[in-house]
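Participant: any chance you can model this:
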Amino acid sequence: MRRSVMRRFSILAAIATLFPTVSFGQSSPSEGLDLLTQVGKKYADAKSYYVESTKEKSSSGEFSRIWRKTLLIAAEAPGGRYHYEGKFDFGSAMRIADGQTVWTYQENDHRYTAKPEVPDDSNAPKIIRISENAVFEAEHLRQQLSTMADSLKSAELLPDATLRLEGHDVACNVVRVRSSDQKRPPARGSFEKAIWIEKKNQVVLKISDQEQTYMSVPGGGDVPISEEITTLYTNTTLDAPPRDDLFHFVPPADAKLVAEFPDPAQVGSSLAGEQLPSLKLKSSDGKVVAVESFRGKPVLIDVWATWCAPCVSGMPKLAKLYDEIKNKGLVFLSVDLDEEASTGTDFLNKRGYGWANFHDEGEVEKLIGPAGVPRVLLMDDHGRVLYDGRADEDKLRTEIAKLGPQYASLRTSPQEAPCAIPK
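Facilitator: Numbering: from 1, shown residues only. The predicted structure is shown next:
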């Protein structure tokens, strides 16, 4: 009997650690919901705001444990001005607008874009680069806080509590939300979270979340996962103008302005928007050609290998493209990554492919960066890289068509003639 009592005491102590002011009395189901609705409206109605947050997430299963930290800064002000910044284990990035220009900065790549601000088409499909995931989260931070109550039918208002934050004691209301409080509870899994709300200013200071969920494994079913998420909102200001310098980007000394970032589907390095490095190509017979010698003409380089099945299977489409552009002024050549200098050239000659092929002994890949094969680079007549990626025929044709009117016919791939019905 004593052991059973001690076990119950331990369970209650564990609950008290997560929810330090839990009372065993019950509040009205509407009290907590009313407070969350009121606080959410305050975030939604704010004409300007500034929020900093730190989130720590631990995920654990029977054979795994993962810890992740995310830092976010989000600010908005009238006139289309905003500042979204995010840092996490897959990269750091920011998106800033002053009402006329939007800057997007990839800190890990030391590159940024500067584009005119245009109305956002929320229906347009978007592919987010993984390094910008935290920026995306910062962009939606206010929305998450303003809609806390939207999916709930009830929430429990716990007794007031004092939260220690940044070295200060802050008087708070505390609201507890469980899976059963949702209008549409999850079909499986569960969660329980506590939301600390500063009594004085009615802003969220902390959210503690415990979840029992599942991770889907391709071909392996679902694996049960326990998650603990603690988010601290260390600096929140609503309806007070943020600092003006937040809405203007000053690039670091080592940052490079580019027209576009690489395709998010691109694996490894990409030179899109940059100047092609100084390349010296060696043919199988030992002749050396500098790519700079082609200045004044656009250049297409196919990086490939005979051991690369997608490279070989894509050759017929490249050959068709070569036949269409070989007399229009575009320099078409390939660089193989085979072990022997003659392997690639012999392969192309046996199949009747007529463009010049060069062999890389490691120097070319070192200069353009590793990105796997097949890889196609398209440069304009000044050596600036317009396209760097897989040999996507439609995308490649679109970029070539931009080079000048003589290439306009390449905008779409030629259609196959329909099969004739024998009479």
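
Participant: next helix or strand past the worst-scoring helix or strand of the chain on mean pLDDT?
Facilitator: When the helices and strands of the chain are compared on mean pLDDT, DSSP states H and E, helix 2-18 comes out lowest with a mean of 41. The helix or strand immediately downstream of helix 2-18 is helix 29-45, counting by DSSP states H and E.

Participant: pLDDT on that following helix, on average?
Facilitator: Averaged over helix 29-45, pLDDT sits at 93.

Participant: over to stretch 328-337?
Facilitator: Stretch 328-337 shows a mean pLDDT of 90.

Participant: going forward, the N-terminal residue is numbered 33.
Facilitator: Renumbered: residue one is now 33, and that last one reads stretch 360-369.

Participant: list of residues touching it?
Facilitator: 313, 326, 329-338, 354, 357-358, 375-377, 380, 387-392, 396-397, 405, 432, 435, 438-439 (CB atoms under 8 Å, 6 or more residues apart in numbering). C-beta coordinates here come from the backbone N, C-alpha and C atoms, glycine included.

Participant: and what of stretch 70-79?
Facilitator: If you take CB under 8 Å, 6+ apart as the criterion, stretch 70-79 is touched by 81, 110, 174, 177-182, 229, 234-236, 270-271.

Participant: recalculate using a threshold of 6 Å.
Facilitator: Residues outside stretch 70-79 that contact it (CB atoms under 6 Å, 6 or more residues apart in numbering): 174, 177, 178, 180, 181, 229, 234, 270, 271.

Participant: how far off centre is that stretch?
Facilitator: The chain centre lies 28 Å from the centre of stretch 70-79; the measure is CA atoms, centre = their mean, to the nearest Å.

Participant: what do you get for stretch 73-83?
Facilitator: The answer for stretch 73-83 is 26 Å, by CA atoms, centre = their mean.

Participant: what bits of the stretch 83-232 of the chain have low per-residue confidence?
Facilitator: Residue ranges of the stretch 83-232 of the chain with pLDDT under 70: 152-160.

Participant: where do the strands sit along it?
Facilitator: Using DSSP state E, counting those that start in this stretch, the strands assigned to the stretch 83-232 of the chain run over residues 96-109, 113-120, 123-130, 133-138, 143-148, 188-197, 200-210, 222-230.

Participant: of those, which is nearest residue 426?
Facilitator: Among the strands of the stretch 83-232 of the chain, strand 143-148 comes nearest to residue 426, with 23.4 Å by CB to CB.

Participant: please identify which helix or strand holds residue 399.
Facilitator: For residue 399, the host element (DSSP H and E) is helix 395-400.

Participant: dump the C-alpha coordinates for that helix into CSV.
Facilitator: These are the backbone C-alpha positions of helix 395-400, laid out as CSV (Å, rounded to 0.1, in the frame of the first residue of the first chain):
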residue,chain,number,x,y,z
GLU,A,395,40.0,20.3,-61.1
VAL,A,396,36.7,21.2,-62.8
GLU,A,397,34.6,19.6,-60.1
LYS,A,398,36.7,21.4,-57.5
LEU,A,399,36.0,24.8,-59.1
ILE,A,400,32.3,24.4,-59.8
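
Participant: residues in contact with the next helix or strand after that helix?
Facilitator: Later in the chain than helix 395-400, the nearest helix or strand by DSSP H and E is strand 407-411. The contact list for strand 407-411, computed with CB under 6 Å, 6+ apart, reads 308, 331, 332, 333, 334, 335, 417, 418, 419, 420, 423, 431.

Participant: that older thread, just checking, which of the contacts of stretch 70-79 belong to helices?
Facilitator: Applying DSSP state H to the contacts of stretch 70-79, the entries found in helices are 174, 177, 178.
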